[in-house]
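1. I need the structure of the sequence given here:
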Amino acid sequence: MAENDLDPGPENDLDPGANTQMFQAFVDRHEPDESGAPWAALVGAALVGLVIVLVVAWLVLGG
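-> Here you go, the predicted structure:
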């Protein structure tokens, strides 16, 4: 009779006494928080650019 590929051998059985430290570390890990740093950098750059444009316009128009 042909070998049954659906029958998992003892090498594929889960060991109920196995160490679960790796799994627990995966479960307990903290998700990275989405920080506002990229948005803060964009807003800051936009404000600095706006101030530069206003100062240059004031100087050019003879403020």
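
2. what sits up against the helix or strand where Ala41 lies?
-> Under the criterion of DSSP states H and E, Ala41 resides in helix 37-60. Applying Cβ atoms under 8 Å, 6 or more residues apart in numbering, helix 37-60 has no contact partners. (C-beta placed from N, C-alpha, C; glycine too.)

3. Measure how buried Val43 is and give me the count.
-> As a burial measure, Val43 scores 11 neighbours (other Cβ atoms under 10 Å).

4. any idea how far it is from Ala37?
-> Val43 is 11 Å from Ala37, where distance means Cβ to Cβ, to the nearest Å.

5. do His30 as well
-> Look at His30 and Ala37: by Cβ to Cβ, they are 17 Å apart.

6. Buried ones in stretch 55-63, by neighbour count?
-> Within stretch 55-63, no residue qualifies as buried by neighbour count (16 or more other Cβ atoms under 10 Å).
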